[in-house]
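Asks: I need the structure of the sequence given here:
(one chain, ligands or ions: 1)
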Amino acid sequence: MTSSAIHVGVDVGGTKILAVALRAPAVAGAWEPEAVRTATVPMPGRLAPTAEIEAAVLAAVAEVCPDEPAAGVGLSVAGLVDAAGEHLRFAAHLPWRAAPLRRRFAELLGTPVRLENDANCAAYAEIVAGAARGVSSALLIAVGTGIGGAVVLDGRVVRGAQGGAGEFGHMQVVPDGLPCECGLRGCWEQYCSGRALERVMRVAVGAHLDGPEVAALARSGDRVAREAIASVGTWLGVGAAGLVSAFDPETVVVGGGVSAVGDLLLEPARRALRDSLQGKDFRTVPALVPARFGPEAGAIGAALYSLDGPGTPAG
Ligand SMILES: [Zn+2]
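Replies: Just a heads-up that it's a prediction; the model follows:
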């Protein structure tokens, strides 16, 4: 690998495929990721033949690497990646099942490929170059339509026995609580997510408003919208406190679309986190901070993983 090599991260999402090309640093470890090019290609769809999705991924990679081949490609997928980083076992919004995606794309692209879960990629981006840079133990909580997450311990993204570590959204926080699409009740994401925010607003004002509309209202000072966001923020802090008890992180990074509302969400979350921690007056309460990277976090993290080399995943 030369110092100017281009590495590409591709986030294969439910509605679009986002590719980011990063230039490798001249000095390892001392750099800012320089996104030299990004591209977005529509996702052919969950029911499309896999060949169409493969072609779309190749098109996205070609678009961000017009002049030179990529030295490596990282694939970020919203699904269950096995612990070896070889197979995508299952993804609700993608057609592959138990598919050897890493090898397949390495053959198609003719370059080394890394395969990772999207939340793990986002967490990796934050510890290498983002809000948790230099922190050895951190949690990423991505509050979007639902909740995704990742665990970083001792500088490594933890994969778990089956690659499923960090799926925080379906932890039960309310026994016999609201029903969840997963079939259980009282899951955290029923109280802390974009959908939860919409539900709280619907109950309060009797009309449907989407997340950005609620955020705009709250920024303009609307009390009901602010209270709805604060409710979601409080649940964020309560759930985070449980995770802090389990993992003892230094920093809790909050990403995902809902986090764009900023302190209207994070301040209630910080209060609830502190109030829900045992021994709160006798310990350092972890910082709860916004993620640096937005919707492109998965692609950037995948590119950074690729830059790290094709070897052992979960670094
Ligand atoms: Zn659930």
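Asks: what mean pLDDT does the helix or strand Leu264 falls within get?
Replies: According to DSSP states H and E, Leu264 maps onto helix 263-275. Helix 263-275 shows a mean pLDDT of 98.
Asks: what does that helix contact?
Replies: With contacts defined as CB atoms under 8 Å, 6 or more residues apart in numbering, helix 263-275 is touched by 143, 215, 218-219, 226, 229-238, 240-241, 244, 252, 254, 258-259, 280, 285-286, 288-290. For glycine as for every other residue, the C-beta is placed from the backbone atoms N, C-alpha and C.
Asks: what do you get for stretch 202-219?
Replies: So stretch 202-219 is contacted by 194, 197-198, 201, 224-229, 257-258, 260-261, 264 (CB under 8 Å, 6+ apart).
Asks: now the helices: where do they sit in the stretch 51-200 of the chain?
Replies: Using DSSP state H, counting those that start in this stretch, the helices of the stretch 51-200 of the chain run over 101-109, 118-129, 194-205.
Asks: give me the buried positions along the shortest one.
Replies: In other words, helix 101-109. By neighbour count on 16 or more other CB atoms under 10 Å, the buried set for helix 101-109 is Leu101, Arg102, Arg104, Phe105, Ala106, Leu109.
Asks: so what pLDDT did the third one get?
Replies: So the one you mean is Arg104. Taking Arg104 on its own, its pLDDT is 98.
Asks: relative to the ion, which of the buried residues of helix 101-109 is nearest.
Replies: Leu101 (25.7 Å; CB to the ion).
Asks: find the closest residue to the ion in the stretch 201-315 of the chain.
Replies: Gly239 (12.7 Å).
Asks: picking that back up, now, which of the contacts of helix 263-275 lie within helices?
Replies: Within those, residues falling in helices by DSSP state H are 215, 218-219, 226, 229-238, 240-241, 244.
Asks: burial of Pro42, as a residue count?
Replies: Other residues within reach of Pro42, judged by other CB atoms under 10 Å, total 9.
Asks: wait, what's in contact with it?
Replies: By CB under 8 Å, 6+ apart, the residues touching Pro42 are Thr15, Lys16, Ile17, Ala56.
Asks: run the last query once more with 6 Å
Replies: Neighbour list for Pro42: Lys16 [criterion: CB atoms under 6 Å, 6 or more residues apart in numbering].
Asks: before we move on, the earlier item: which of the contacts of stretch 202-219 are buried?
Replies: Buried among the contacts of stretch 202-219 (16+ other CB under 10 Å): 194, 197-198, 201, 225-226, 228-229, 257-258, 260-261, 264.
Asks: for this structure, name the helix or strand with the lowest mean pLDDT.
Replies: When each helix and strand of the chain is scored by mean pLDDT, DSSP states H and E, strand 34-42 comes last, with a mean of 88.
Asks: give me the buried positions along that strand.
Replies: Quick answer for strand 34-42 (16+ other CB under 10 Å): Ala35, Arg37, Thr38, Ala39, Thr40, Val41.
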